[in-house]
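Student: Show me how the following folds:
(chains A and B)
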Amino acid sequence: MSVLRIDAAGPATSVQDGGRFGFLRYGLSSAGAMDRTAHETANALVGNAAQAPVVEIGPFPARFAGENAPVRLALAGAARAADIGNRRIALGESFLLAPGEALSLGAARGGVFSYLGVAGGIAGTPMFGSFSVHARADLGSPLPRPLSAGDKLEVATADPLAGDWRLALPPPDPSPIRVVLGPQDDWFGEAAVAQFLGTEWQVSPASDRMGYRLLGPKIAAARGHNIVSDGIALGQIQVPGDGQPLVLMADRGTTGGYPKIAAIVSADLGRFAQTPAGTSVRFAAVPIDDAQRITRLWRQKLATLPLARETAARPLPTSEALLAANLAGAAVNALDPQPWTHKE
Amino acid sequence: MALPLAFRIRPCGDAALTVEFGDTVDPDLNARVLGLDADVDAAKLPGVIETIPTYRSLFVQYDPVAADFASLSQTLRTLAETAKPHAASGRCWRIPVVYGGEMGFDLEDVARTHNMSPAEIAKRHQAATYRIYMIGFTPGFAYLGGLDQTIATPRRAAPRAVTPPGAIMIGGVQACVQCQAAPSGWHVLGRTPMRNFLPSREPMFLMAPGDNVRFHAIEARDWPALERDAVRGLPVAELVPA
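Tutor: I've put the predicted structure just below:
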């Protein structure tokens, strides 16, 4: 086993996987990665199953150190500076972290969450079928809480001779976030729905894994802002009495008593989750059939990520990595490019 | 002659939908929801992942790759037209509560609102038999109906960032048993050591929609022993005939 030690982490850094299902009826929401596209990308880059646990890193700088043995990692999601000593680490490309080395990450730029995939996975015992940290419910594995400095994750030891992979990451998409209206859009009236769709909303700093608050003109529900509580889907947008919409995210309450004007299309949820506080976002309504077509295409694309990855160009390994690899025993020439080429 | 049952099916985004039977707190309506929930569970519909029965609607989470809204709606419409109202479970939970003081820090305010003594509020709160309409919001949070209308109290203007685990609260005409600490605009009348959700216990969740609840007052000095039992996994609440 290797160890990934957390030397610094912002308040929104936690282990997340594809989420926890089957417990909505007991009041337990799914949790799971906020940006599923980036989560699955990070896993594809290290050869893991799509839903494997990763470290979700919030917008603040962070630092991880390797102990015991080498670890293979990959970063996807929000852009940010990343380096190991003087070595620059590119997003969308796997890399080796040798014991004694530290991966330093700057603050996120133009996004919120980055995802650190760990080849071979993170050791833990899933709770209710998932590693995902749900802080409010005290659930998650290996720790039932966000990560903080001093925490250590047991992770799989990497084969330093295995190659690295690269994935071309799509450019940022500035188009409006697509939503499906309902189920209570008729509580608002046509004018209020038009106002909701016509507004450039600003994401409030008072946003977290439970929900994102949107700041803008007051949206008034013609039939009032209290309904008898009912179920809440991931990405649903409810409007409380102050008229400021609240988008319910992975750690949301499973039920609530405010009318819901619309819900974000699954394929666009990750893109929405990556909207930094203080920046703006627009919504566009699509019919349910279109929304489902869009989401099926997105899921197909995610499923083909492992096929889309390319072998990354190899820099020479660090001396630490070479030492860790016990090359004398394996009789490998470090200057020979062949052993570093990944075999499919 | 039975009137045709009105309901509507609406999308909750592309991966969930809701079958709405109404928009009120009503035991007959809730029995319809629980009846459909049982039928959906038994039907094992392709693509359906899980459901949430609520006061007035059935929330259905599904995989849009395996099911599309139009045809799933059609299947659910057929089920909803034939679903039989769910008979009450007949189970009744008798839940111990320490009222007032630091365990029920809103009891005096609620009493002032209604020009009653705190003891009178607690008495009326204990006199009712409540129906569990749904579990939701946070793990194990039970939404109750059946509150004595004379003590119904509008939600606080400013919600609290945290109310304690085990909080026994009222909000409007609704009442609840809270399991985990959570923000709330409801009024805290007391606290129970009972844990409806305990991950280390089998079963993890004790109460279910369709069950009944009654409250009885205990003294603050009885709390520590019951709390120890609850942490060990004992139910602490008793099952009694409804």
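Student: Output the below-cut-off pLDDT ranges for chain B.
Tutor: B:1-5 (pLDDT under 70).
Student: Give me the most central residue, chain B.
Tutor: Residue closest to the mean C-alpha point of chain B, counted by CA atoms, centre = their mean, is residue B:143 at 2.2 Å.
Student: Show the contacting residues for it.
Tutor: A:229, A:255, B:55, B:132-137, B:174, B:176 (CB atoms under 8 Å, 6 or more residues apart in numbering or on different chains). Backbone N, C-alpha and C define where each C-beta goes, glycine included.
Student: try it again with 7 Å
Tutor: A:229, B:55, B:133-134, B:136, B:174, B:176 (CB atoms under 7 Å, 6 or more residues apart in numbering or on different chains).
Student: next one: residue A:124
Tutor: A:131, A:141-142.
Student: now swap in residue B:77 and tell me
Tutor: residue B:9.
Student: So it, which state does it fall into?
Tutor: Under DSSP: H, G, I helix; E, B strand; the rest coil, the three-state class of residue B:77 is helix.
Student: quick one on the thing from earlier: please flag which of the contacts of residue B:143 sit within strands.
Tutor: Mapping these onto strands (DSSP state E) picks out B:133-134, B:174, B:176.
Student: For the longest helix belonging to chain B, give me every contacting residue.
Tutor: Counting residues, the longest helix found in chain B (DSSP state H) is helix B:27-43. The contact list for helix B:27-43 (CB under 7 Å, 6+ apart) reads B:5, B:19, B:21-22, B:48, B:51, B:53-58, B:60, B:79-80, B:83-86, B:131, B:133, B:209-210.
Student: next SSE after it?
Tutor: strand B:48-53 (DSSP states H and E).
Student: which helices and strands does the very next helix or strand once past that next one pack with?
Tutor: For strand B:48-53, the following helix or strand on the C-terminal side (DSSP H and E) is strand B:57-62. Using 3 or more CB pairs under 7 Å, 6 or more residues apart in numbering or on different chains; DSSP states H and E, the elements in contact with strand B:57-62 are strand A:230-231, strand B:16-20, helix B:27-43, strand B:48-53.
Student: Which residues does the following helix or strand past the shortest one contact?
Tutor: Right, strand A:230-231. Next helix or strand after strand A:230-231 toward the C-terminus (DSSP H and E): strand A:236-238. Residues outside strand A:236-238 that contact it (CB under 7 Å, 6+ apart) are A:245-248, A:256, A:258-263, B:12-13.
Student: can you put those in TSV and add neighbour count and distance to residue B:105?
Tutor: Below are these laid out as TSV (neighbours: other CB atoms under 10 Å in any protein chain shown; distance: CB to CB, whole Å):
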residue	neighbour count	distance to residue B:105
A:245	24	32
A:246	23	27
A:247	28	32
A:248	24	29
A:256	21	24
A:258	22	26
A:259	23	31
A:260	29	32
A:261	27	35
A:262	30	38
A:263	28	37
B:12	26	36
B:13	28	38
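Student: Using PDB, write down the CA coordinates of stretch B:138-151.
Tutor: Presented in PDB, the C-alpha positions along stretch B:138-151 are these (Å, rounded to 0.1, in the frame of the first residue of the first chain):
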ATOM      1  CA  THR B 138     -32.300  14.400   6.400                       C
ATOM      2  CA  PRO B 139     -31.800  10.700   7.300                       C
ATOM      3  CA  GLY B 140     -34.600   9.400   9.500                       C
ATOM      4  CA  PHE B 141     -36.600  12.800   9.700                       C
ATOM      5  CA  ALA B 142     -40.200  11.800  10.100                       C
ATOM      6  CA  TYR B 143     -42.900  14.200   8.900                       C
ATOM      7  CA  LEU B 144     -46.100  13.900  11.000                       C
ATOM      8  CA  GLY B 145     -49.700  14.900  10.500                       C
ATOM      9  CA  GLY B 146     -52.300  15.200  13.200                       C
ATOM     10  CA  LEU B 147     -51.100  18.100  15.200                       C
ATOM     11  CA  ASP B 148     -53.700  19.700  17.500                       C
ATOM     12  CA  GLN B 149     -54.700  22.800  15.400                       C
ATOM     13  CA  THR B 150     -54.900  24.900  18.500                       C
ATOM     14  CA  ILE B 151     -51.100  24.800  18.800                       C
END
